[in-house]
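Please work out how this folds:
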Amino acid sequence: MDDTPRHESELSEEFRKLGSNLKDALEAAWNSPDRQRLEQEIKTGLRQAAEALADLAEEAVESETGKKLRTEVEALGDRVKSGELETKIRKDVLDALQKLNSELERARRHDYSGR
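Residues are numbered from 1 along each chain as shown. The predicted structure is shown next:
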């Protein structure tokens, strides 16, 4: 007698039961009062943290340091718009490149004449 079809049927049935049991267990865990309480605590904690950060940001903006920073950022924006910043950056980069090239040429001359 061949028991293969019966074993396949039993195996399939056990997998179906496992799926059903897992689903029921997950639903029970999700709907549990402990999980719901934890969710509420997390929401409350996040809301309180956001409020504290908003208060801190508002205080920072209104502080002397915040006002100074805002003024400096506005001045930087004006310098960017006027081209002043670009001109300064170009000059600084040009100066650095000229110094680097000069040092490399000097090192090369020294290396060739020193041998």
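
What segments of the protein are helices?
For the chain, applying DSSP state H gives helices covering 4-30, 33-62, 64-82, 84-114.

pLDDT of the last one, averaged?
Mean pLDDT, computed over helix 84-114, is 87.

Any idea how far it is from the middle of the chain?
Chain-centre distance of helix 84-114: 38 Å, with CA atoms, centre = their mean, to the nearest Å.

likewise the third one?
Taking CA atoms, centre = their mean, the mean C-alpha location of helix 64-82 is offset from the chain mean by 26 Å.

List of residues touching it?
Glu59, Ala60, Val61, Leu85, Glu86 (CB atoms under 8 Å, 6 or more residues apart in numbering). Yep, even glycine has a C-beta here, placed from its N, CA and C like the rest.

Out of these, grab the one that's most surrounded.
With neighbours taken as other CB atoms under 10 Å, the top of the contacts of helix 64-82 is Leu85, carrying 14 neighbours.

For the closest residue to it other than its chain neighbours, give its distance to Lys91.
Closest residue in space to Leu85, ignoring its immediate chain neighbours: Arg79 at 4.3 Å, by CB to CB, 6 or more residues apart in numbering. Noted for Arg79: a distance of 14 Å to Lys91, by CB to CB, to the nearest Å.

repeat for Ser102
Ser102 is 16 Å from Lys91, by CB to CB.

which sections of this structure are below the confidence cut-off?
1-4, 112-115 (pLDDT under 70).

Of Arg79 and Lys91, which one has the most company?
Arg79 (14 against 10).

and Leu69, how many residues sit next to it?
13.

go on, Lys68?
If we define neighbours as other CB under 10 Å, then Lys68 has 10 of them.

separation between it and Leu46?
32 Å.

got it, and Asp24?
30 Å.

Likewise for Leu94?
For Leu94 relative to Leu46 (CB to CB), the value is 51 Å.
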